[in-house]
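In: Pasting the sequence and the predicted model now:
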Amino acid sequence: MRIAVLGGGNGCYAAAADLSEAGHEVRFWRRDARGLAPVLESGRIAVKDSDGRREVAIAKPTTDIGEAVRGAELIVIPTPAFAQVDIARAMAPYLADGQVVFLPPGSFGSYAMLKALREAGCTADVTIGETGTLPHLTRKHGPAEVAITIRATRLPTGVFPAKNGTHAFKVLKAAFPAVEPIEDALSGALMNAGPIIHPPLILMNAGPLEHFDAWDIHNEGTQPSIRRVTDVLDNERIAIREALGYQPSHFPLSDHYNNDQWMYGDAHKRLVDSGDWRERIDLTAHRYMTEDIHYGLAFLVSVADWAGVEAPTARGLLAIASAVCGKDLKQGVRTLGGLGLAGLDRKQMAALLHDGLSA
């Protein structure tokens, strides 16, 4: 299958290499020509995982997004949520009917991107899916080298519009067999693990994060009191899903720590043992704040408000983050209000999720 992978982060390099190694024709786009130069020159990405280190050939690295997107059956965008709308605008002229876009994860980027595509004049009948996490726990070890600690074993995924699900899931599962279809894109957005695991870890570790040169929030930063807050926050997410009628499994984050039933299987020990998450985290600039709180947690709180669900821990963490950043994150662009959807009733939301946005 011809697949476009868009973006320059850890998950983008891992996806480009993994999908290439699986036999797909991958066109790997990054807008930063200097950052992509080593891959442009060699046509390869080095992968390190439990099988060792090897060089993987990439069919077409490119800085031309049109070259990447045209003719691709699947477009994979493992970028932070704050990059999604700009990428949508950039690829809008090149999309065609039947293409499938995959956001791992999304923060309801499926709606935000399709809205941006329509506003840019794109009339193509595309479907955008989103899931709860990246397909890989991964970190780049160099400009053309990526270390993959573990691959996802389960990827609960919703698509927008849901009416295109039969075709979309056929395409998605051909590339990512771990994809598990769920109700719709809002259900997929409410599987996003980032806004659950990262806000307590960075806000409750704020002191050591600002004091030490490097700190592993998943090792010494994951203490019992923080885990208890994470569990309560996740229970609020599950309560929102239940209030909206979404069915189990809700993929409780406690499974990430306690058994192998979560999205990555037995991920937590491998994540800690790898040492790749001992890093410098700028509390206001790191994507754990700018993506998982500004976008993901703010979205979660807005859905709780819309659904009439009490979510005091989510609201409290968002308020603390607002104080840290000096801005009211409850008024963010990725809230239902910011997306222009807060005035919909349940029936109107269901119709939107099923039918999508007309060209």
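Out: That came through, no problem. Residues are numbered from 1 along each chain as shown.
In: Settle this for me: Phe176 is touching Pro135, isn't it.
Out: Yes - between Phe176 and Pro135 there is a contact under Cβ atoms under 8 Å: 5.9 Å. For glycine as for every other residue, the C-beta is placed from the backbone atoms N, C-alpha and C.
In: Please report how far the nearest residue to Glu130 once chain neighbours are set aside lies from Leu114.
Out: Closest residue to Glu130 apart from its sequence neighbours, by Cβ to Cβ, 6 or more residues apart in numbering: Gly106 at 2.6 Å. According to Cβ to Cβ, to the nearest Å, Gly106 and Leu114 sit 11 Å apart.
In: pLDDT value on the most centrally placed residue in the chain, please?
Out: The centroid of the chain falls nearest to Pro105 when counting by Cα atoms, centre = their mean (1.9 Å). Pro105 is assigned a predicted lDDT (pLDDT) of 94.
In: which residues touch it?
Out: Contacts for Pro105 (Cβ atoms under 8 Å, 6 or more residues apart in numbering) come out as 81, 130-134, 189, 191-194, 296.
In: swap in Ser50?
Out: For Ser50, the contact set (Cβ under 8 Å, 6+ apart) is empty.
In: Backbone torsions only: list them for it.
Out: phi -70, psi -20 (degrees, to the nearest 10).
In: ok, back up a step: now flag whichever of the contacts of Pro105 is closest to Asn258.
Out: For the contacts of Pro105, the minimum distance to Asn258 (Cβ to Cβ) is 14.7 Å, reached by Ala193.
In: Against Arg237, how distant is the closest one?
Out: From Ala193 to Arg237 the distance is 9 Å (Cβ to Cβ).
In: Looking at these two, which is more packed in?
Out: Arg237 (27 against 22; other Cβ atoms under 10 Å).
In: Which strand or helix spans that one?
Out: Following DSSP states H and E, one finds Arg237 within helix 224-243.
In: cool, and Ala351?
Out: In this assignment (DSSP H and E), Ala351 forms part of helix 346-355.
In: CA-only coordinates of that helix in PDB, if you can.
Out: C-alpha atoms of helix 346-355 as PDB (Å, rounded to 0.1, in the frame of the first residue of the first chain):
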ATOM      1  CA  ARG A 346     -26.700  15.200  21.700                       C
ATOM      2  CA  LYS A 347     -28.800  14.400  18.600                       C
ATOM      3  CA  GLN A 348     -27.000  17.100  16.500                       C
ATOM      4  CA  MET A 349     -23.600  15.900  17.700                       C
ATOM      5  CA  ALA A 350     -24.400  12.300  16.800                       C
ATOM      6  CA  ALA A 351     -25.500  13.400  13.300                       C
ATOM      7  CA  LEU A 352     -22.300  15.400  12.800                       C
ATOM      8  CA  LEU A 353     -20.100  12.400  13.900                       C
ATOM      9  CA  HIS A 354     -21.900  10.100  11.500                       C
ATOM     10  CA  ASP A 355     -22.300  12.300   8.500                       C
END
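In: And for it, what's in contact with it?
Out: Residues contacting helix 346-355 (Cβ under 8 Å, 6+ apart): 111, 160-163, 184-186, 244, 341, 344.
In: Could you do stretch 321-334 as well?
Out: By Cβ under 8 Å, 6+ apart, the residues outside stretch 321-334 that reach it are 81, 107-108, 112, 199, 203, 206, 283-284, 289, 293-299, 301-302, 318-319, 337-339.
In: before we move on, back to that, going through the contacts of Pro105, which ones are buried?
Out: 81, 130-134, 189, 191-194, 296 (16 or more other Cβ atoms under 10 Å).
In: Make TSV from these and add secondary structure, distance to Arg151 and pLDDT to it.
Out: Listed next are the buried ones among the contacts of Pro105 as TSV, based on DSSP: H, G, I helix; E, B strand; the rest coil; distance: Cβ to Cβ, whole Å; pLDDT from 0 to 100:
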residue	secondary structure	distance to Arg151	pLDDT
Ala81	helix	22	96
Glu130	strand	18	98
Thr131	strand	13	97
Gly132	coil	14	93
Thr133	coil	11	93
Leu134	coil	10	92
Ala189	helix	22	98
Met191	coil	17	97
Asn192	coil	18	96
Ala193	coil	15	94
Gly194	helix	17	95
Gly296	helix	22	98
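In: Those: which two are farthest apart?
Out: For the buried ones among the contacts of Pro105, the farthest-apart pair by Cβ to Cβ is Leu134 and Ala189; their separation is 15.0 Å.
In: that older thread, quick check: chain neighbours aside, which residue is closest to the residue nearest to the centre of the chain?
Out: Pro105 sits nearest to Asn192 (Cβ to Cβ, 6+ apart), 4.5 Å away.
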